[in-house]
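*Asks:* The following comprises the amino acid sequence and a computationally predicted model.
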Amino acid sequence: MAISPEHELHRRRWSRNLGLGLVLAAFVVLVFGLTIVKVSRQDEHGNPPGTEASR
């Protein structure tokens, strides 16, 4: 039996999976970036800006 060419369903599924993977990767990068910004804005005692301990 000869190997059949890829079916259209596989191409559509691949593009959908690729799109979902890119969206998930963008979400992970966003959460990581927000975490880095939040951690870097703390003072030496771990307090966020605007608290009494940081003044």
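*Replies:* In hand now; what should we look at?

*Asks:* Any buried residues in the helix or strand residue 15 falls within, and which?
*Replies:* For residue 15, the enclosing helix or strand under DSSP states H and E is helix 8-40. Residues of helix 8-40 include none that count as buried (16 or more other Cβ atoms under 10 Å). Where you see a C-beta, it was placed from the backbone N, CA and C, and this is true even at glycine.

*Asks:* For residue 42, the count of nearby residues, please.
*Replies:* The local packing of residue 42 (other Cβ atoms under 10 Å) involves 13 other residues.

*Asks:* okay but it is in contact with residue 51, surely?
*Replies:* No: Residue 42 is beyond contact range of residue 51, at 9.8 Å (criterion: Cβ atoms under 8 Å).

*Asks:* quick revisit: packing partners for the helix holding residue 15?
*Replies:* Here helix 8-40 touches no other helix or strand, going by 3 or more Cβ pairs under 8 Å, 6 or more residues apart in numbering; DSSP states H and E.

*Asks:* what sits against the nearest residue to residue 41 once chain neighbours are set aside?
*Replies:* Closest residue to residue 41 apart from its sequence neighbours, by Cβ to Cβ, 6 or more residues apart in numbering: residue 49 at 5.7 Å. The contact partners of residue 49, taken as Cβ atoms under 8 Å, 6 or more residues apart in numbering, are 41, 42, 43.

*Asks:* In CSV: these, plus distance to residue 3 and pLDDT.
*Replies:* As requested, the contacts of residue 49 are exported to CSV (distance: Cβ to Cβ, whole Å; pLDDT from 0 to 100):
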residue, distance to residue 3, pLDDT
41, 57, 79
42, 58, 74
43, 63, 74
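
*Asks:* Dump those into CSV; add distance to residue 33 as well.
*Replies:* CSV is the format used below for these (distance: Cβ to Cβ, whole Å):
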residue, distance to residue 33
41, 13
42, 16
43, 21
